[in-house]
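J.: All I have is the shape, not the residue letters:
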């Protein structure tokens with residue numbers, strides 16, 4: 001059985017899949033937003049209320065970034081009043097296993113700092 005090596009760095013290449021994937025998963029709010037939308041479609045305010053600690057501006061920027069990467073879909077559901085719904089695309093849905101495994105790994109190997117424990 002041959003296993004493919006995972007490139008940690010794509011030296012000299014214009015585009016590196018590992019770097020690109022890390023840029024998506026590594027952003028603070030991207031995994032949270034994707035996890036919420038994997039569970040169910042949400043409007044902007046619904047989404048903001050379900051993601052504790054995110055500002056409207058940051059949520060809007062992150063939703064745009066994920067939409068540009070074809071990981072989420074934005075659908076206008078009403079013009080007056082203006083309302084949109086966000087949902088995960090099939091491409092975004094494929095990250096569900098990755099996000100669950102990353103969470104499982106973190107629970108097993110990482111512990112909150114003293115500062116984080118006082119918030120919990």
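T.: Ah, there it is. Quantities reported herein were computed from a predicted structural model and do not represent experimental measurements. Numbers count the residues shown, from 1 in each chain.
J.: Give the closest residue to residue 54 in space, chain neighbours not counted.
T.: residue 29 (5.9 Å; C-beta to C-beta, 6 or more residues apart in numbering). C-betas here are computed from N, CA, C, even on glycine.
J.: how near is that neighbour to residue 88?
T.: 15 Å (C-beta to C-beta, to the nearest Å).
J.: which one of the two has more residues nearby?
T.: A side-by-side neighbour count of residue 29 and residue 88, using other C-beta atoms under 10 Å, places residue 88 first with 23 against 17.
J.: which ones are touching the more buried one?
T.: When contacts are counted by C-beta atoms under 8 Å, 6 or more residues apart in numbering, residue 88 touches 34, 37-38, 71-73.
J.: repeat that for 7 Å
T.: Counting by C-beta atoms under 7 Å, 6 or more residues apart in numbering, residue 88 touches 34, 37-38, 71-72.
J.: what about residue 15, neighbour count?
T.: 7.
J.: cool, the one 4 residues further on as well?
T.: When counting by other C-beta under 10 Å, one arrives at 14 neighbours for residue 19.
J.: what pLDDT does it get?
T.: Model confidence at residue 19, given as pLDDT, is 84.
J.: Backbone torsions only: list them for the residue nearest to residue 54.
T.: phi -100, psi -20 (degrees, to the nearest 10).
J.: Quick check: bridge partners of residue 75?
T.: As for beta bridges, residue 75 partners with residue 85 under DSSP bridges.
J.: could you measure it against residue 60, distance?
T.: According to C-beta to C-beta, residue 75 and residue 60 sit 16 Å apart.
J.: Filter the contacts of residue 88 down to just the buried residues.
T.: The neighbour-count test (16 or more other C-beta atoms under 10 Å) applied to those identifies 34, 37-38, 71-72 as buried.
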